[in-house]
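Peer 1: need a structure here:
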Amino acid sequence: MNEDELIRDVAEGARDVVGASLEHWFKCCPRFIDFVHFNRNKIRKKLRDAKTDPQVCDVLAELDVACLLLSDCRVEVEYEKFGSQSSPDLSATFNFNQIYEINFEVTRIGDEDLPETRFVKWKNEAVDQVRTVPSHLGFWFEFVICADASLVAKLESQKENIILFCTKTIQEADAALPMDLDCKYPVPGFEGELSLGLVKFSGNTRADQTAHFGDVEPTFYTGREAFKFRDKILEKVKKLRPRMINVLVIITESIPHESSDLIEAIGDLRAHLAAQDAEAYFKKGGFEGGRAEFLLKADNLSAILFRSPGSGEGQERNFLWPHRQAKLPIPDPVMGCLKSMDRPLNRASMGV
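Peer 2: Numbers count the residues shown, from 1 in each chain. The predicted model follows:
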């Protein structure tokens, strides 16, 4: 079975993004081809059981981590070693001077409800409409650099008014704007948040539509990034296997989620452990035994690996937080290996 046949076999009936992601990973890591071939029945079943786009993305996140691990020839990976209904997702053997058996529980902070997703939808629809205005101009949207989710709600509610303003401004500027001079027009009601940029450039000979240039887009900070990390830790720590080295892998393609948010989430959990309402808090989080049960489960957590887009200045792609108080702390050679593993994520794998 060649690579194309293997992709068709595994991705049969699945969304197009599955085949594209597998093809990308095959090129990144030839060892991943053997991994997929050996586990093709498990992978195919898991993809077929994934009924929604977020569920497909969850499966692809697991495969992305497997490919990441296999990029080091000293690492061997097993998929769902303990069965499809059991954790962990991946079990890896690190063949260094000493052999280490490590479990990896993979989770994803999805972007389905993030403001960025809604913003991209709004912007694409707005651009498509504004482009239909006949003119000799080019346009772009220029947004405030840092924003919160309230801006998206405001854009969505005022979309028609924004389009009308852009249409009228383009029609007026087409006759009045000097050649090769750009000008910005604040959108009413969005002063300091959104401007329409226009330029009449000499190279544009078409007048049947307005050309679109690259936009200046905002980065959204909800103020709740740390809470999402905290919730993932509370959810996944229950599934970790005792008497084994366990690494929780958290993947996101959302720029606002940073390693500092993970550290804040860990600090928040520690604060709740010391608070008077600790019993009620952890019982509400799904630990029937309250604080004591959480501590017992958390002892099995050896480390958290946060895999991010890494687009921020100086931001690591792989940020690793070692839990030094774990029953089995992560070995230093494995920690160094995980922090240094890097390759471009296939963005298609994080969004369908």
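Peer 1: what segments of the chain are helices?
Peer 2: With DSSP state H as the definition, the chain shows helices at residue ranges 3-11, 16-28, 30-38, 40-49, 53-70, 115-130, 149-157, 159-176, 225-236, 259-274, 278-284, 290-298, 332-340.
Peer 1: possible to save the ones you listed as JSON lines with distance to Thr219, mean neighbour count and mean pLDDT?
Peer 2: No exception for glycine: its C-beta is placed from N, CA and C like everyone else's. Output for the helices of the chain, formatted as JSON lines (distance: least, CB to CB, whole Å; neighbours: other CB atoms under 10 Å; pLDDT from 0 to 100):
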{"stretch": "helix 3-11", "distance to Thr219": "33", "mean neighbour count": "16", "mean pLDDT": "90"}
{"stretch": "helix 16-28", "distance to Thr219": "25", "mean neighbour count": "19", "mean pLDDT": "90"}
{"stretch": "helix 30-38", "distance to Thr219": "32", "mean neighbour count": "17", "mean pLDDT": "95"}
{"stretch": "helix 40-49", "distance to Thr219": "32", "mean neighbour count": "16", "mean pLDDT": "91"}
{"stretch": "helix 53-70", "distance to Thr219": "22", "mean neighbour count": "23", "mean pLDDT": "90"}
{"stretch": "helix 115-130", "distance to Thr219": "8", "mean neighbour count": "16", "mean pLDDT": "88"}
{"stretch": "helix 149-157", "distance to Thr219": "11", "mean neighbour count": "16", "mean pLDDT": "85"}
{"stretch": "helix 159-176", "distance to Thr219": "20", "mean neighbour count": "15", "mean pLDDT": "94"}
{"stretch": "helix 225-236", "distance to Thr219": "12", "mean neighbour count": "19", "mean pLDDT": "87"}
{"stretch": "helix 259-274", "distance to Thr219": "14", "mean neighbour count": "16", "mean pLDDT": "92"}
{"stretch": "helix 278-284", "distance to Thr219": "31", "mean neighbour count": "16", "mean pLDDT": "91"}
{"stretch": "helix 290-298", "distance to Thr219": "32", "mean neighbour count": "17", "mean pLDDT": "96"}
{"stretch": "helix 332-340", "distance to Thr219": "25", "mean neighbour count": "16", "mean pLDDT": "89"}
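Peer 1: closest one to Ser202 among those?
Peer 2: Nearest to Ser202, of all the helices of the chain, is helix 159-176, at 14.3 Å by CB to CB.
Peer 1: using CSV, list the CA coordinates for that closest one.
Peer 2: Provided in CSV are the C-alpha atoms of helix 159-176 (Å, rounded to 0.1, in the frame of the first residue of the first chain):
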residue,chain,number,x,y,z
LYS,A,159,-22.4,45.1,9.7
GLU,A,160,-25.0,46.7,7.4
ASN,A,161,-24.2,50.2,8.5
ILE,A,162,-20.4,49.5,8.1
ILE,A,163,-21.0,48.2,4.5
LEU,A,164,-23.1,51.3,3.7
PHE,A,165,-20.4,53.6,5.0
CYS,A,166,-17.7,51.8,3.0
THR,A,167,-19.8,51.9,-0.1
LYS,A,168,-20.6,55.6,0.1
THR,A,169,-17.0,56.5,1.1
ILE,A,170,-15.5,54.6,-1.9
GLN,A,171,-17.9,56.2,-4.3
GLU,A,172,-17.0,59.7,-3.1
ALA,A,173,-13.3,59.1,-2.9
ASP,A,174,-13.1,57.5,-6.3
ALA,A,175,-13.5,60.9,-7.9
ALA,A,176,-11.7,63.0,-5.2
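Peer 1: which neighbouring elements make contact with it?
Peer 2: The contact analysis (3 or more CB pairs under 8 Å, 6 or more residues apart in numbering; DSSP states H and E) places helix 159-176 against helix 115-130, strand 137-143, strand 182-186, strand 194-200.
Peer 1: what's the angle between it and strand 137-143?
Peer 2: 140 degrees (axes from the mean of the first three to the mean of the last three CA atoms, to 10 degrees).
Peer 1: surely Arg230 touches Ala265?
Peer 2: Yes: the pair formed by Arg230 and Ala265 meets the contact definition of CB atoms under 8 Å, at 4.0 Å.
Peer 1: re earlier: need the helices and strands packed on helix 159-176 in TSV (columns: distance to Lys51).
Peer 2: Formatted as TSV, the helices and strands packed on helix 159-176 follow (distance: least, CB to CB, whole Å):
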stretch	distance to Lys51
helix 115-130	19
strand 137-143	35
strand 182-186	45
strand 194-200	37
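Peer 1: which one of those lies closest to Glu156?
Peer 2: Of all the helices and strands packed on helix 159-176, helix 115-130 comes closest under CB to CB, at 5.9 Å.
Peer 1: which strands or helices does that closest one pack on?
Peer 2: On a contact count with 3+ CB pairs under 8 Å, 6+ apart, helix 115-130 meets strand 137-143, helix 149-157, helix 159-176, strand 219-220.
Peer 1: quick one: closest of the helices and strands packed on helix 159-176 to Glu217.
Peer 2: Using CB to CB, those put strand 137-143 closest to Glu217, at 5.8 Å.
Peer 1: so what does the closest one touch, helix or strand wise?
Peer 2: helix 115-130, helix 159-176, strand 194-200, strand 211-212.
Peer 1: apply 6 Å and report the result again.
Peer 2: strand 194-200 (3 or more CB pairs under 6 Å, 6 or more residues apart in numbering; DSSP states H and E).
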